[in-house]
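A.B. asks: Give me coordinates for this.
(chains A and B)
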Number of protein chains: 2
Amino acid sequence: MARRGGDQRAVRVAVLGCGNVGGGLVALLLADADGIAERSGVRLELAGVAVADPGRFRPGVPAGLVTADAKGLVMSPDVDVVVELIGGIDPARQLVEAALGAGKAVVTANKALLAAHGAALARMADGAGVDLLYEAAVAGAIPIIRPLRESLAGERVRRVMGIVNGTTNFILTTMAEDGVGYEAALAEAQALGFAERDPTADVEGHDAAAKAAILAGLAFRCDVVDSDVHREGITGIPASDVAFADRLGYVVKLLAVGERAGEDQVSVRVHPALVPKTHPLASVRGVFNAVFVEGESSGELMLYGRGAGGVPTASAVLGDVIDAAHNVLAGTAAPAPARVRARLQPMEDVRSAYYLSIEVADRPGVLAAVAAVFGEHRVSIRSMEQEGLGDEARLVFVTHVAREGDVRATLAGLEALPAVDHVSAVLRVVGEEGSP
Amino acid sequence: MARRGGDQRAVRVAVLGCGNVGGGLVALLLADADGIAERSGVRLELAGVAVADPGRFRPGVPAGLVTADAKGLVMSPDVDVVVELIGGIDPARQLVEAALGAGKAVVTANKALLAAHGAALARMADGAGVDLLYEAAVAGAIPIIRPLRESLAGERVRRVMGIVNGTTNFILTTMAEDGVGYEAALAEAQALGFAERDPTADVEGHDAAAKAAILAGLAFRCDVVDSDVHREGITGIPASDVAFADRLGYVVKLLAVGERAGEDQVSVRVHPALVPKTHPLASVRGVFNAVFVEGESSGELMLYGRGAGGVPTASAVLGDVIDAAHNVLAGTAAPAPARVRARLQPMEDVRSAYYLSIEVADRPGVLAAVAAVFGEHRVSIRSMEQEGLGDEARLVFVTHVAREGDVRATLAGLEALPAVDHVSAVLRVVGEEGSP
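C.D. replies: From the prediction side, this is the model:
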């Protein structure tokens, strides 16, 4: 049997990239090596830090450890574990492949790389018998990858729903709580450093889609890439519908959803959704993240915490580095079950309840005409509220669970009605009793 | 390097005890062995089930697998992993020791055993180079042990606060939401099967104290036993104070708390506390459980889910069995860092904010006299509300953070005041900005 304890050799760690997360990790490794050894039972030693500009002054990092030669550092016989924190596809992919090819464990927080090439890299790691760990790639400091991979290893997961993008959750929380519109909330997020000057990757759901692919791949033991993910962002959500949802008992959240559909299909998507205020996801405010998991045996689980930030994310990377280091010393690796290519459910077949907010002319007979369109397409109405808007009225419907294709046909029918001015919002409603 | 995959031999699992959790696990192992093998990459085979009365009919369990000879099953050369689900100290302890002594991995959900003898058993497992895993011992299906043990292996945890007893959380939720008293809420819990006929172990905090000891031991890498845990139950909480807390923006929760105190002390305690409604723990309703973790690098994390129930708890046991099975095949074991005996902070030195509800005679000068007692003992008042109760008045104070010893002295002083009728509730306030 392999033994464990503090009397073993140090494990040598190379860090590629020294931005927020890399800098946080390097600081932890340099400042708290003894504390880490005491708490974890494994001694870590920083072997080197690869950066684009080694001339730049990095307080606290010995100049002798800094190099521009990432590939050289990866291949150094002196390195056991490679931590890739460069981000993006190239050159991160080549460096990770080089490390795995050389039989070294890899820890990465690179969601873009994993969402595009995760399955191939996992096969490489498996073939080499080394770890490829990426707890920090989804939802920062929150332990979600390890629970999905290990605690729920035998569980048949029905659905994962995550608030995995702090920028959009901050914007939506601000819209709901301060009663402001999208543009004002975005400006506040930018002023506070929670949104980029070009917020596209966040607000259009690209970031969340990469994370959805990773989560669904793990939850359903299948291979999902980011381009498989149906994606809707938050830019078109009117403040009036956020307020109306609030009065109906809901909050609007951008969700990354993966769910089983029948025996052999999965649905993976990112879209805004109405969540009942009594649902645990509703209490996730501001830049916090959370992932809600529904397992057949486990029931409902939620994992909550900081989804971003250099130091919290570095803490998740450190957990992986320690895990990989234990396995290096024991000469083993984390188990990685085989994955099959996912069969994706077409969006038309996805089933959900819906919130529809429709501006109509305020005259007799309009409601009957609108209701007839729903009936025609077999979309059953659960509740309706009407409010006056001058000469116009707003009709807000919440439907029973319906097929997306039927809802789309209903929308087309509604938009063709002369009395309908426009459909202001169509949002899925999730997390309620009786949901599929 | 050790390899993994589906082409290895089956790992043989013995289950001791076939109650709710054991029965749930046996059903999963018998009904879904192929699914588990596909999802986890390891094939599990039920080697036997030890029960007190093998003559009782257990639907679906082949009679040939059932035995009354637990010790014989444990020692059978045919068994790789022993799952102890008998509960209590004896004979569970002897059986776990026999299994570890024979070099077999042990999975248990036995909080009483772990809270009393966890450190000694962990040393035995470490000495034998085998796993001792117990994800299901705290908070049922929620992955909390593995995140604390692995994801946060290098993290300096400041505090863990758990809602780890579903019975008391159901009672407190019912008191708050239905406006009923303790007795009525307990009766409802009993009627629904959420509370025992003799609810002492739950309502007096014994169950939560065992879990607090386990959580604190893992979070702070030290050895805490259940008798170390300061314990206060929920039987004395007046409905009026639950309602008053609600108006002030709080919910009352029974919390299992472990926190670092200075460099070398920990405080471990179970007591009811006021939690702000904006705090993630406030949204944990009914029989659900959650554990909130504050780490120096990770920031705030919360893990939420079903804390009890046969099938959800069996799902957590299964995750451990799979983990142990992978390690059996790889000839290794989960790392278990050394632990030191905890130095416990005396309760008098614990620092917290407090809610005090005091019934006083409604006459001039009383508030000044009461306030003077607070001042005398250096307990600073953050807010005060007064409401009439006929000839009496109720004064409700929330203090700034104060030393427990000073609050106790304040209480003694208040009770000695002629104008004070009685102190109806003294509850700690946690989870607010500016808390220690």
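
A.B. asks: so how far is the helix or strand bottoming out on mean pLDDT in chain A off the chain centroid?
C.D. replies: When each helix and strand of chain A is scored by mean pLDDT, DSSP states H and E, strand A:340-341 comes last, with a mean of 82. Distance, stretch centre to chain centre, for strand A:340-341: 21 Å (C-alpha atoms, centre = their mean, to the nearest Å).

A.B. asks: Parallel or antiparallel, which strands does that strand pair with?
C.D. replies: strand A:222-223 (parallel) (DSSP bridges).

A.B. asks: who touches the strand it pairs with?
C.D. replies: A:118-119, A:216-217, A:266, A:339-342 (C-beta atoms under 8 Å, 6 or more residues apart in numbering or on different chains). Any C-beta I mention is one placed from the backbone N, CA and C, and that applies to glycine too.

A.B. asks: Mind giving me the packing neighbours of the helix or strand that contains residue A:260?
C.D. replies: Counting by DSSP states H and E, the element that carries residue A:260 is strand A:250-261. Applying 3 or more C-beta pairs under 8 Å, 6 or more residues apart in numbering or on different chains; DSSP states H and E, one finds that strand A:250-261 makes contact with strand A:157-163, helix A:166-178, helix A:206-219, helix A:239-248, strand A:265-276.

A.B. asks: possible to save these as JSON lines with mean neighbour count?
C.D. replies: Output for the helices and strands packed on strand A:250-261, formatted as JSON lines (neighbours: other C-beta atoms under 10 Å in any protein chain shown):
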{"stretch": "strand A:157-163", "mean neighbour count": "24"}
{"stretch": "helix A:166-178", "mean neighbour count": "23"}
{"stretch": "helix A:206-219", "mean neighbour count": "27"}
{"stretch": "helix A:239-248", "mean neighbour count": "18"}
{"stretch": "strand A:265-276", "mean neighbour count": "24"}
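
A.B. asks: Can you spell out which residues form a bridge with the residue lying closest to residue A:162 once chain neighbours are set aside?
C.D. replies: With sequence-adjacent residues excluded and distances taken as C-beta to C-beta, 6 or more residues apart in numbering or on different chains, residue A:162 is closest to residue A:291, at 4.0 Å. With DSSP bridges as the criterion, residue A:291 is bridged to residue A:162, residue A:303.

A.B. asks: To what extent is residue A:291 buried, counted in neighbours?
C.D. replies: Residue A:291: 29 surrounding residues under other C-beta atoms under 10 Å in any protein chain shown.

A.B. asks: likewise residue A:389?
C.D. replies: Look at residue A:389: counted by other C-beta under 10 Å, it has 12 neighbours.

A.B. asks: quick revisit: residues in contact with the residue nearest to residue A:162?
C.D. replies: Residue A:291 sits next to A:138-139, A:142, A:144, A:160-164, A:215, A:302-303 when contact means C-beta under 8 Å, 6+ apart.

A.B. asks: Recalculate using a threshold of 6 Å.
C.D. replies: Applying C-beta atoms under 6 Å, 6 or more residues apart in numbering or on different chains to residue A:291 gives the contacts A:139, A:144, A:162, A:303.

A.B. asks: Quick one: the helices and strands packed on strand A:250-261 as CSV, columns for mean pLDDT too.
C.D. replies: Formatted as CSV, these follow (pLDDT from 0 to 100):
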stretch, mean pLDDT
strand A:157-163, 97
helix A:166-178, 97
helix A:206-219, 96
helix A:239-248, 95
strand A:265-276, 97
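
A.B. asks: now the ones you listed as JSON lines including distance to residue B:276?
C.D. replies: Converted to JSON lines, these look like this (distance: least, C-beta to C-beta, whole Å):
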{"stretch": "strand A:157-163", "distance to residue B:276": "21"}
{"stretch": "helix A:166-178", "distance to residue B:276": "15"}
{"stretch": "helix A:206-219", "distance to residue B:276": "29"}
{"stretch": "helix A:239-248", "distance to residue B:276": "20"}
{"stretch": "strand A:265-276", "distance to residue B:276": "21"}
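
A.B. asks: closest to residue B:403 out of those?
C.D. replies: Closest to residue B:403 of these, according to C-beta to C-beta: helix A:166-178, at 35.8 Å.

A.B. asks: Which positions in stretch A:412-430 come out as buried?
C.D. replies: For stretch A:412-430, the neighbour count (16 or more other C-beta atoms under 10 Å in any protein chain shown) marks A:413-414, A:417, A:419-421, A:423-430 as buried.

A.B. asks: scratch that, stretch A:25-32 is what I was asking about
C.D. replies: Across stretch A:25-32, burial judged by 16+ other C-beta under 10 Å covers A:25-29, A:32.

A.B. asks: Quick one: mean pLDDT over that stretch.
C.D. replies: The pLDDT scores in stretch A:25-32 average 95.

A.B. asks: ok, what's across the strand from residue A:398?
C.D. replies: Taking DSSP bridges, one obtains residue A:355, residue A:383 as the residues bridged to residue A:398.

A.B. asks: From the chain's centroid, how far away is the helix or strand containing residue A:34?
C.D. replies: Using DSSP H and E, residue A:34 sits within helix A:33-40. Relative to the chain's own centre, helix A:33-40 is displaced by 30 Å; criterion: C-alpha atoms, centre = their mean.

A.B. asks: Kindly report the same for stretch A:345-365.
C.D. replies: On the basis of C-alpha atoms, centre = their mean, stretch A:345-365 sits 27 Å off its chain's mean C-alpha point.
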